[in-house]
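**Q** starting from these lines, generate the structure:
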Amino acid sequence: MLFAMSVAAAAALSTPERALPKGRLLVGYATDRSLREDRVVAACRQGVNVVIWSFAHLEVEDDVPRVRPTFDVDLVRATQKRLEAEQLDVRHLVAFGGWNGPHPDEKLDGRAWFEVWRAWNVAHGFVFDGCDWDLEGNDDASQNLSEAMVALVADFCREAKRHGYLIALAPAESYLDAGSAEVDLLLNHEPRAPWRPGENGFPAAGFPYAGRNAYAAVLARAGMDSVDAVSVQLYEGYSSACYALTRGGAALATYAEEVAAGLSTKGVTVGADVVRVPREKLLLGFANGWADNEKFIRVEPEDAARAVQSAGLRGAMFWVIDEEGSPYDFAGRYTGALPAAGSAELR
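**A** The predicted structure follows:
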């Protein structure tokens, strides 16, 4: 039978409700490279208090559903023990998706996939405090969301919250954008910003990799009560943020406030619902040293800290801990630019 993986052990265990660290958040993504190069502990010493381990895939093989991590879970647990020994207050989530990453198999619905994931997490000693959804497109612009996938993700989120787990979303900027009234599940649109061929290397043939509020559809079904944090990836390729900051002369603090006001006040209309993300759940996502500041926006970490603080947001996210280090050390420079109480108090 398809749902062959036993979930009895998971169902029998009571899961205490998790909570994010108090105050401002600094979320860092980590891949297997971060483990191999032992970079995570140093990043957490510099202020990262949520690590999102990237990526795991929800697959069905020989009619058996499974969670397939792309990193060593035992090394994740060893890293956690080191952080605990240093009394660093850090939460650990596992991310699904990523660019070119497979979307969950639709043979199971969201509730069933949650039980598969929960059983897997229990079998690994409750290594993760929750999950992060980062479903994206792919290089050949063929991977989109569907109504079934929206339902799967939303129902997974609701079930996870019902069992006390943390849930985060990490939409590319165009996937959750109050500057656009369009809601569409295709992820192969041209960017909303008016890029011209040659600007920042923008291709003459176009760049069909943007979305139109697909994640607003997820939030409309899941409800904001089912989500703890939403990190908007300003570093999406040829994003509206990239255009505004590199071509339009916008200041980061001004742009951050526009994004915050748009999502928290105006919102995105999905059918009869208006999706709003309150500032206490909203983070802005930045790139560190890997970004070229042409196709992918890169800002100074100190400017990011001031913009997040000024907009009254919950915090910042960055991709990726793998690339941390001098001279562009996002975690250390970001944390160092916060006011003395900035990492512990919300404005």
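**Q** burial of the closest residue to H189 other than its chain neighbours, as a residue count?
**A** Distances taken as Cβ to Cβ, 6 or more residues apart in numbering place A210 nearest to H189, at 4.6 Å, with adjacent residues excluded. Glycine gets a C-beta too; all of them are placed from N, C-alpha and C. Residues contacting A210 under the criterion other Cβ atoms under 10 Å number 25.
**Q** now do the one 4 residues further on
**A** Residue crowding around A214 was assessed by other Cβ under 10 Å; the count is 26.
**Q** wait, what's in contact with it?
**A** N144, L145, V150, P171, Y175, V183, D184, L185, L186, L187 (Cβ atoms under 8 Å, 6 or more residues apart in numbering).
**Q** would you map the strands across the stretch 151-300 of the chain?
**A** Assigned by DSSP state E, counting those that start in this stretch, the strands in the stretch 151-300 of the chain fall at 166-169, 184-189, 210-212, 229-233, 268-270, 273-275, 282-287.
**Q** can you say which of those is packed in most?
**A** strand 229-233 (a mean of 26; mean count of other Cβ atoms under 10 Å).
**Q** could you list the low-confidence segments of the chain?
**A** Low-confidence segments of the chain (pLDDT under 70): 1-16, 341-347.
**Q** okay, helices next: where are they in it?
**A** 8-12, 32-36, 40-45, 73-85, 110-123, 147-162, 214-222, 240-246, 252-261, 301-311, 330-337 (DSSP state H).
**Q** touching, the residue nearest to H189 and C242? I think so.
**A** No - in this structure A210 lies outside contact range of C242 using Cβ atoms under 8 Å: 11.4 Å.
**Q** pull up the overlap in contacts between those two.
**A** What both A210 and C242 touch, as defined by Cβ under 8 Å, 6+ apart, is the set E236.
**Q** pull out the buried positions in stretch 19-30.
**A** For stretch 19-30, burial by neighbour count (16 or more other Cβ atoms under 10 Å) applies to L20, P21, R24, L25, L26, V27, G28, Y29, A30.
**Q** bridged to the last one, which residues?
**A** On DSSP bridges, the residues paired with A30 through beta bridges are W53.
**Q** show me the contacts for it.
**A** Here A30 is in contact with R39, V40, A43, V51, I52, W53, S54, F71, V320, I321, D322 (Cβ under 8 Å, 6+ apart).
**Q** which of the residues you listed sit farthest apart?
**A** Farthest pair in those (Cβ to Cβ) is A43 and F71. Separation: 15.3 Å.
**Q** with neighbour numbers in mind, choose between these two.
**A** Each of A43 and F71 has its neighbours counted (other Cβ under 10 Å); A43 has more, 25 against 19.
**Q** tell me the contacts of that one?
**A** G28, A30, V51, I321, E324, A331.
**Q** do the same with F114
**A** Applying Cβ under 8 Å, 6+ apart to F114 gives the contacts D155, F156, E159, A160, H163.
**Q** measure the last one to D134 for me?
**A** Think H163. To D134, H163 is 21 Å away according to Cβ to Cβ, to the nearest Å.
**Q** of the two, give the one with the bigger neighbour count.
**A** D134 (24 against 17).
**Q** which strand residues bridge the more buried one?
**A** Beta-bridge partners of D134, as defined by DSSP bridges: G97.
**Q** so how far is L176 from it?
**A** Taken as Cβ to Cβ, the span from D134 to L176 is 12 Å.
**Q** common neighbours of the two, please.
**A** L169.
**Q** I figured R68 hits V60, correct?
**A** No - R68 lies out of contact with V60 (Cβ under 8 Å); the separation is 10.6 Å.
**Q** who has more neighbours out of those two?
**A** When R68 and V60 are compared for neighbours, V60 comes out ahead with 18 against 12, by other Cβ under 10 Å.
**Q** residues touching the more buried one, list them.
**A** L2, R66, D105, K107, L108.
**Q** residue nearest the centroid of this protein?
**A** The centroid of the chain falls nearest to A170 when counting by Cα atoms, centre = their mean (2.6 Å).
**Q** wait, what's in contact with it?
**A** I52, A95, D132, W133, D134, V230, S231, Q233, G285, M317.
**Q** cheers, nothing more for now.
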